[in-house]
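Undergrad: any chance you could fold what I've pasted below:
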Amino acid sequence: MTSNEKIIKIELPTPFAVGDVNVYVLKGDAVTLIDAGVKTKAAWEAFVFQLAQYGLTPEDIDQVVLTHHHPDHVGFLEWLPEVPIYGHKYVRPWIEEDQTFFAAHDEFYRWLFIELGLRGDFEKMLHILKSPLKFSSTALLAQEIAEGDNIPGLEKWSILETPGHAQSHLSFYLENDGVLLSGDHLLATISSNPFLEPALNPASERPKPQLQYNESLRKLLDLDIRIAYTGHGADIQRVHELVKRRLHRQHERALQVLDMLKTGQLTTFTITKELFPAVYQKELGLTLSESTAQLDYLLSLGLIEKQLNDEGVAFFSAIKEVAR
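TA: Residues are numbered from 1 along each chain as shown. Alright, predicted model coming up:
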């Protein structure tokens, strides 16, 4: 790097299917930790050991900046020394354990389960959905940050709002060096799942994470990015090529769902079972989010229609082409 910041990449084990998570230490005017791993003993020991290779301890960290609120990125917060934590406003209710928000979150999913066409014990499904939170952490957010803001000690870095994978997602860009800290917004070998999450305001319309994600990906095409340091896996050097590939592949996946809907009306859950027969029960939240993502995208293109029955279950069907 040509600036005075030095980027240290630290790889930590997680209990999740995605594998190791990457956190980063920026050594500049301040020692900044980008993301905070997952709350397991193995991850913490690996973190402390790898820090020591650079002559650092957790006590040397001056501040923490979060790319998003998911458990594998906030797990150490309560184990670190008391330092300022910066993140998107959507991070706050998760790490501060806002019970009003959590109650609204659960109610959102109870309603959503009905619309998606699920049957069964919703409370059990909610428990499974929230089980990763045991690897999360409790802490106070010192300051909310958004695009256009500056972070003390990181004034050369621009903040990019990149929602899609998470409603709280931020990426960080160092223009002079063409460096992007992409978090989970862009990963080298896997597509980032656009998670279904409620809006901060319970009265607001449900976010459409796939549409947000596509827009956030296109934002990267306007930047001169020479390398992206990611939240999982390898660094990325041909960022624009990968972005275009991700957008193209997502369109192709959506067309597969469109073909399914040409046979008749289907619910989101039926589509999920067909798309992910081997994993939908174990990864219900991920797979429902993926199916909903493609349906939101097809709806935005006017290729399908959605109808609610008297019970509030949504049925989707392809819009028949008009013969000319």
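
Undergrad: what comes up buried for stretch 52-72?
TA: By neighbour count on 16 or more other CB atoms under 10 Å, the buried set for stretch 52-72 is 56, 61, 63-72. Where C-beta positions appear, they are placed from N, C-alpha and C, glycine not excepted.

Undergrad: what's the end-to-end length of stretch 80-97?
TA: In stretch 80-97, first residue to last residue: 18 Å (CA to CA, to the nearest Å).

Undergrad: may I ask which helix or strand encompasses the residue nearest to residue 314 when sequence neighbours are not counted?
TA: In this structure, residue 314 finds its nearest non-sequential neighbour in residue 115, 4.8 Å apart by CB to CB, 6 or more residues apart in numbering. Using DSSP states H and E, residue 115 falls within helix 99-116.

Undergrad: okay, buried residues for that helix please.
TA: 101, 104-106, 108-109, 112-116.

Undergrad: what does stretch 168-188 give?
TA: By neighbour count with 16+ other CB under 10 Å, stretch 168-188 contains the buried residues 168-174, 177-187.

Undergrad: what's the answer for stretch 238-251, then?
TA: Applying 16+ other CB under 10 Å to stretch 238-251 flags 239, 242-243, 246, 250 as buried.

Undergrad: how about these in a markdown table, adding distance to residue 192 and secondary structure?
TA: Below are the buried residues of stretch 238-251 laid out as a markdown table (distance: CB to CB, whole Å; DSSP: H, G, I helix; E, B strand; the rest coil):
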| residue | distance to residue 192 | secondary structure |
| --- | --- | --- |
| 239 | 14 | helix |
| 242 | 11 | helix |
| 243 | 11 | helix |
| 246 | 8 | helix |
| 250 | 10 | helix |
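
Undergrad: residue 128: which of those residues is nearest?
TA: Within the buried residues of stretch 238-251, the smallest distance to residue 128 is 26.1 Å, found for residue 250 (CB to CB).

Undergrad: my guess is the closest one contacts residue 210, does it?
TA: Yes: using CB atoms under 8 Å, residue 250 is in contact with residue 210, at 7.2 Å.

Undergrad: any residues touching the host helix or strand of residue 259, and which ones?
TA: Per DSSP H and E: residue 259 is located in helix 239-261. Outside helix 239-261, the residues that touch it by CB atoms under 8 Å, 6 or more residues apart in numbering are 180, 186, 188, 191, 210, 214, 217-218, 220-221, 225, 227-228, 236, 266, 271, 274-275, 291, 293-295, 297-298, 303-304, 316-318.

Undergrad: narrow those residues to just the buried residues.
TA: Buried among these by 16+ other CB under 10 Å: 180, 186, 191, 210, 214, 217, 220, 225, 227-228, 236, 266, 271, 275, 291, 293-295, 297-298, 303-304, 316, 318.

Undergrad: so which of these belong to helices?
TA: Judged by DSSP state H, the subset of the buried ones among the contacts of helix 239-261 located in helices is 210, 214, 217, 220, 271, 275, 291, 293-295, 297-298.

Undergrad: could you export those residues to TSV, including columns for distance to residue 200 and pLDDT?
TA: Converted to TSV, those look like this (distance: CB to CB, whole Å; pLDDT from 0 to 100):
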residue	distance to residue 200	pLDDT
210	19	97
214	21	98
217	23	98
220	25	98
271	28	97
275	29	94
291	24	97
293	20	97
294	25	97
295	23	98
297	23	98
298	27	98
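
Undergrad: can I get stretch 250-257 as CSV, trimmed to CA atoms?
TA: Listed next in CSV are the C-alpha coordinates belonging to stretch 250-257 (Å, rounded to 0.1, in the frame of the first residue of the first chain):
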residue,chain,number,x,y,z
GLN,A,250,-28.4,-14.0,-10.4
HIS,A,251,-30.4,-13.2,-13.5
GLU,A,252,-30.0,-16.7,-14.7
ARG,A,253,-31.1,-18.2,-11.4
ALA,A,254,-34.2,-16.0,-11.5
LEU,A,255,-35.0,-17.3,-15.0
GLN,A,256,-34.9,-20.8,-13.6
VAL,A,257,-37.6,-19.8,-11.1
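
Undergrad: follow-up on the earlier one: name the surrounding residues that touch the next helix or strand after the helix holding residue 115.
TA: Per DSSP H and E, the first helix or strand lying C-terminal to helix 99-116 is helix 122-130. If you take CB under 8 Å, 6+ apart as the criterion, helix 122-130 is touched by 106, 109-110, 113, 118, 284-285.

Undergrad: same thing but at 10 Å, please
TA: With contacts defined as CB atoms under 10 Å, 6 or more residues apart in numbering, helix 122-130 is touched by 71, 102, 105-106, 109-114, 118, 121, 136, 196, 281-286, 288.

Undergrad: so residue 171: helix, strand or coil?
TA: Classification of residue 171 by DSSP: H, G, I helix; E, B strand; the rest coil places it in strand.

Undergrad: the helix or strand of the chain with the lowest mean pLDDT vs helix 99-116, what angle?
TA: The weakest-scoring helix or strand in the chain, judged by mean pLDDT, DSSP states H and E, is helix 122-130 (a mean of 90). Helix 122-130 runs at 110 degrees relative to helix 99-116, counting by axes from the mean of the first three to the mean of the last three CA atoms, to 10 degrees.
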